[in-house]
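Trainee: Quick one, structure for this:
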Amino acid sequence: MAVDTATTAPSQPEGGDGAGEAVRPLLSGAPAIEEDEDLHVRYAPYARRDAYGPMGRGPLPAAQVARLVFAAAVLLPLRLIAGMLLVVAYYLVCRVSTLFADVGEEGRPRLHGWRREACLGAGRALSRAMLFVFGFYWIPVCDRSVPNAEDVPENQSEELERPGAIVSNHVSYVDILYHMSASSPSFVAKNSVSKLPLIGLISKCLGCIFVQRESKGSDSRGVSGDVTERVQEVSQYKNSPMVLLFPEGTTTNGDYLLPFKTGAFLAKAPVQPVILRYPYKRFSPAWDSMDGKRHVFLLLCQFANYMEVVRLPVYYPSEQEKEDPRIYANNVRKLLGTAGNLVLSNLGLAEKRVYHAALNVHAVSLIVFPDFGSFKSHRLLHITESSTLKLNHLFGLPCRTIVSKLIWIHMMLVLLLAFVHCE
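Mentor: Alright, predicted model coming up:
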């Protein structure tokens, strides 16, 4: 495990002078580099290092372009059709299993006996089939899940022997497919997911916890309370599916581990740590700095994708960790970092948004007005989100921070100068 001591601290909502928290390079002792590259260094947990480059728009050699065109014409349609058939098959299994079943809260069916076994068994098998369709033909698993006797507290009650949640690093949407194929857990999802065709019924059968994330008035304590209650229920009743939680709250490029949120650790129950890694040659399955459609396209056009899994022993919290979930979360994070050889970074979701905004500005500058390619648009990012005030709907644009507004104004200036240049 490496600790990223030079990483910028996550943005604080209030307090302190933002001018003293300017973004610093992530890698301590790094040699002097050009400013364009420095942007990717200071936001290293989110930077893509594969052959396609940031945003998946990097230049490719002719041979790679030809390979991509061939895969798009032959491999992509076959995989899309196979993937849709698998989703429809799982939907049909869930539909049959829920016929005449009792319905609980939020329209979630209560499944017992053969109904439950059919949904979970089909979910594991079809999720693994979906991974195969995506090119993950063989997934090596290093199972270290049997704990040593000294790792289990002596006063640990029998009821809490079972972990209540699976805690994993978050790299890609493919993470969910693997965990579904391995243990069929429930997970936290937006409330809108429950209303989606096909996926809505599947998520209800999996026992997902639906939250209203997009609502500014949503009660975060209520969400944490729902998660805590579910984790406690799972740890005490063996028939309840475990909850899959990604404490980082967002994805990285797979080489870093962000600070953990405490929601997974409020229940004071044991957790099952799992590490996912995605070795690659050309395209990285990590979902960062790239829109979803482009990422799915490139993933399905790559003949073989790779994943490695490390299942660690169940982590039983000490009395001190039960009393302070921050200590519990930090200790589990250190364990994952050490076992997975991941760099611990202090960046968060706010810095990720700033980095993505800078990439978008740079891309627009190059497309609309190529002479602006030498302009260092990320200099705007020396204004950190912790030092800005929340403003809404500037010029009718629903931006969330002053940083975003400055970037938007810069884009308008680029368009104006491009128009003048054309005249």
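
Trainee: how near is K195 to K204?
Mentor: 10 Å (Cβ to Cβ, to the nearest Å). Backbone N, C-alpha and C define where each C-beta goes, glycine included.

Trainee: Neighbour count: these two, which is higher?
Mentor: K204 (22 against 12; other Cβ atoms under 10 Å).

Trainee: all helices for the stretch 151-300 of the chain, in order.
Mentor: Using DSSP state H, counting those that start in this stretch, the helices found in the stretch 151-300 of the chain span residues 174-183, 199-205, 220-236, 292-301.

Trainee: For S145, which of those is the nearest?
Mentor: helix 174-183 (11.0 Å; Cβ to Cβ).

Trainee: who does the closest one touch, helix- and strand-wise?
Mentor: Helix 174-183 is packed against helix 114-133, strand 165-168, strand 271-277, with contacts defined by 3 or more Cβ pairs under 8 Å, 6 or more residues apart in numbering; DSSP states H and E.

Trainee: could these go into JSON lines alongside mean neighbour count and distance to A62?
Mentor: Output for the helices and strands packed on helix 174-183, formatted as JSON lines (neighbours: other Cβ atoms under 10 Å; distance: least, Cβ to Cβ, whole Å):
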{"stretch": "helix 114-133", "mean neighbour count": "18", "distance to A62": "29"}
{"stretch": "strand 165-168", "mean neighbour count": "25", "distance to A62": "39"}
{"stretch": "strand 271-277", "mean neighbour count": "22", "distance to A62": "31"}
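
Trainee: With distance to R326 and mean pLDDT added, can I get these in a markdown table?
Mentor: Formatted as a markdown table, those follow (distance: least, Cβ to Cβ, whole Å; pLDDT from 0 to 100):
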| stretch | distance to R326 | mean pLDDT |
| --- | --- | --- |
| helix 114-133 | 33 | 92 |
| strand 165-168 | 15 | 92 |
| strand 271-277 | 15 | 95 |
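
Trainee: of those, which approaches G254 most closely?
Mentor: Among these, strand 271-277 sits nearest to G254 (Cβ to Cβ), with 6.2 Å.

Trainee: who does that closest one touch, helix- and strand-wise?
Mentor: strand 165-168, helix 174-183, strand 308-311, helix 325-340.

Trainee: Chain neighbours aside, what residue packs nearest to A129?
Mentor: L86 (5.6 Å; Cβ to Cβ, 6 or more residues apart in numbering).

Trainee: rewinding a little: relative to F136, which of the helices and strands packed on strand 271-277 is closest?
Mentor: Here helix 174-183 is closest among these (Cβ to Cβ), at 7.4 Å.

Trainee: Give me the contacts around the closest one.
Mentor: With contact meaning Cβ atoms under 8 Å, 6 or more residues apart in numbering, helix 174-183 is reached by 123-125, 127-128, 130-131, 134, 136, 139, 166, 168, 185, 187, 206, 241-242, 244, 246, 274, 276, 278, 285, 299, 305, 307, 309.

Trainee: surely D102 meets H112?
Mentor: No. Assessed by Cβ atoms under 8 Å, D102 is found out of contact with H112, at 9.0 Å.

Trainee: ok, how many other residues are close to Y355?
Mentor: Neighbours around Y355, by other Cβ under 10 Å: 25.

Trainee: Tell me how many other residues surround the nearest residue to it once chain neighbours are set aside.
Mentor: Spatial nearest neighbour of Y355, chain neighbours left out: Y43 (3.9 Å); criterion: Cβ to Cβ, 6+ apart. Per other Cβ under 10 Å, the neighbour tally for Y43 reads 27.

Trainee: do the same with V310
Mentor: V310, neighbours per other Cβ under 10 Å, totals 19.

Trainee: ok, now I81?
Mentor: 11.

Trainee: next one: P59
Mentor: P59 has 9 nearby residues by other Cβ under 10 Å.

Trainee: again, but for the one 10 residues further on
Mentor: Neighbour count for V69, taken as other Cβ under 10 Å: 11.

Trainee: same check, this time on M84
Mentor: Around M84 there are 11 residues (other Cβ under 10 Å).

Trainee: can you tell me how far it sits from L78?
Mentor: 11 Å.

Trainee: Then M242?
Mentor: Counting by Cβ to Cβ, the gap from M242 to L78 is 34 Å.

Trainee: that older thread, my read is that the residue nearest to A129 contacts L126, right?
Mentor: Yes. Using Cβ under 8 Å, L86 is in contact with L126, at 5.1 Å.

Trainee: and N346, what pLDDT?
Mentor: Predicted confidence (pLDDT) for N346: 92.

Trainee: no no, M84
Mentor: 95.

Trainee: in which helix or strand would I find it?
Mentor: helix 62-97 (DSSP states H and E).

Trainee: Mind giving me the packing neighbours of that helix?
Mentor: helix 114-133, helix 199-205, helix 292-301.

Trainee: residues of it that come out buried?
Mentor: 67-68, 71, 76, 79, 83, 86, 90-91, 93-94, 97 (16 or more other Cβ atoms under 10 Å).

Trainee: Tabulate those (TSV), appending distance to P325.
Mentor: Shown next, in TSV, are these (distance: Cβ to Cβ, whole Å):
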residue	distance to P325
R67	48
L68	46
A71	46
L76	44
R79	41
G83	38
L86	38
Y90	35
Y91	37
V93	37
C94	34
S97	36
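
Trainee: low pLDDT regions in this structure?
Mentor: 1-37, 105-107, 146-161, 213-222, 362-423 (pLDDT under 70).

Trainee: list the contacts for Y52?
Mentor: 58, 60, 282-283, 298.

Trainee: about what we covered before: for the helices of the stretch 151-300 of the chain, which one sits closest to T250?
Mentor: Per Cβ to Cβ, nearest to T250 of those: helix 174-183, 12.0 Å.

Trainee: so E351 makes contact with Y43?
Mentor: Yes. Using Cβ under 8 Å, E351 is in contact with Y43, at 6.3 Å.

Trainee: Count the residues that sit near Y173.
Mentor: By other Cβ under 10 Å, neighbour count at Y173 equals 14.

Trainee: ah, wrong one, I meant V211
Mentor: Neighbours of V211 (other Cβ under 10 Å): 20.

Trainee: Contacts only, for it.
Mentor: 188-191, 218, 223, 226.

Trainee: among those, which ones are buried?
Mentor: Buried among the contacts of V211 by 16+ other Cβ under 10 Å: 188-189, 223.

Trainee: From these, pick the one nearest T252.
Mentor: The closest of the buried ones among the contacts of V211, once distances to T252 are taken by Cβ to Cβ, is V188, at 18.5 Å.
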